[in-house]
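In: Provided below for reference: sequence and predicted model.
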Amino acid sequence: MEIIIVASPAEVGRVAAAKVATVVAQNPSAVIGLATGSSPQGIYVDLRRRVQAGEITFAHARGFALDEYVGIPLEHPESYASVIARDVVAPLGFEPTRVSVPDGRAVDLESAAKDYDAAIRAAGGIDVQILGIGANGHIGFNEPTSSFASRTRIKTLAPLTRQDNARFFDSIEQVPMHCMTQGLGTILEARQVVLVAHGSAKAQAVAAAIEGPLSSFVPGSALQLHEHATVVLDEEAAADLQLADYYRYTYANKPAWQVEH
Ligand code: F6R
């Protein structure tokens, strides 16, 4: 796992965006796994800058959102379908029909979840998956004790997750109780994963995921099993890492040919 510690949330976004941009520059029809929430916003801002500068285009790329709430209408401004359309598809210039979001409104949710995994496979698999991490260590909405083998499915949001996401709604009661999320097994099949975190609220979860034991209790620790995982952190999110100096040393001495710009 590559751990990159940088000075600010904006720099987190820029460094992580460079990873995604490299994939898209090499393969304009790349399949991108899209996270929502606050953490990846800096990535999308920097990718937009690159699109505007003519460095890359998402016109031929394919996108799969990581998760969706169950129990709110599609047109709700905080449905992840709305968020992805607003924050990712429009600003980056994706072709809307080439971006999928789990169908949290399906009558048969179990079939819809299976179909989602099948659609990812049919698209050739995800080339680069963007991830944030919850304060309880979740990635996607794989809450603690999610199986490392899990596939896209319905989950119950942990009370802490509902509390953390209440900022997007008028009250905690409005935060849905359930979601459909790519499983940890689904996420681990992506060819590359880039996880971003900033702020002290994430420090404990980040340290447990990177340096703690492999445990379904900390779903983010599943990334230790991935052969191409990068974690980009600001100083606050990196504060509890025991080997922070080593990660800085490694990054500072990274061979020039391995550095994305
Ligand atoms: C979002 C997602 C979640 C968030 C996590 C952190 O699609 O799957 O895992 O990445 O809850 O959320 P923020 O970034 O809002 O702190």
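Out: Sure thing, it's come through. Numbers count the residues shown, from 1 in each chain.
In: ok, how many other residues are close to the residue in the stretch 51-200 of the chain that the ligand sits nearest to?
Out: Ranked by CB to the nearest ligand atom, the top residue of the stretch 51-200 of the chain for proximity to the ligand is residue 132, at 2.5 Å. (Each C-beta comes from the backbone N, C-alpha and C, glycine too.) Neighbours of residue 132 under the rule other CB atoms under 10 Å: 22.
In: Now do the contacts for it.
Out: By CB atoms under 8 Å, 6 or more residues apart in numbering, the contact list for residue 132 reads 35, 37, 38, 39, 40, 139, 195, 196, 197.
In: Can you turn the buried part of those into a ChimeraX selection?
Out: Restricted to buried positions by 16 or more other CB atoms under 10 Å, the ChimeraX selection for the contacts of residue 132 reads:
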select :35,37,39,40,139,195,196,197
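In: hmm, back to that, leaving aside the residues next to it on the chain, what's closest to the residue of the stretch 51-200 of the chain closest to the ligand?
Out: residue 39 (3.3 Å; CB to CB, 6 or more residues apart in numbering).
In: Which element, helix or strand, includes the one you found?
Out: Assigned by DSSP states H and E, residue 39 falls within no helix or strand.
In: Can you dump the C-alpha atoms of the helix or strand containing residue 49 in PDB for me?
Out: Residue 49 is part of helix 41-52, with elements assigned from DSSP H and E. Extracted in PDB, the C-alpha atoms of helix 41-52 (Å, rounded to 0.1, in the frame of the first residue of the first chain):
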ATOM      1  CA  GLN A  41     -14.700  16.600  -3.600                       C
ATOM      2  CA  GLY A  42     -11.100  17.800  -4.100                       C
ATOM      3  CA  ILE A  43     -10.500  15.000  -6.500                       C
ATOM      4  CA  TYR A  44     -13.400  16.100  -8.700                       C
ATOM      5  CA  VAL A  45     -12.400  19.700  -8.500                       C
ATOM      6  CA  ASP A  46      -8.900  18.900  -9.700                       C
ATOM      7  CA  LEU A  47     -10.200  16.600 -12.400                       C
ATOM      8  CA  ARG A  48     -12.400  19.300 -13.700                       C
ATOM      9  CA  ARG A  49      -9.400  21.600 -13.900                       C
ATOM     10  CA  ARG A  50      -7.600  19.000 -16.000                       C
ATOM     11  CA  VAL A  51     -10.700  18.500 -18.300                       C
ATOM     12  CA  GLN A  52     -10.900  22.300 -18.800                       C
END
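In: pLDDT of it, averaged?
Out: Helix 41-52 shows a mean pLDDT of 98.
In: quick one: whatever helix or strand comes next after that helix near the ligand?
Out: Using DSSP H and E, the helix or strand that follows helix 41-52 towards the C-terminus is strand 62-65. No - using CB under 6 Å from any ligand atom, strand 62-65 stays clear of the ligand, with a minimum separation of 7.0 Å.
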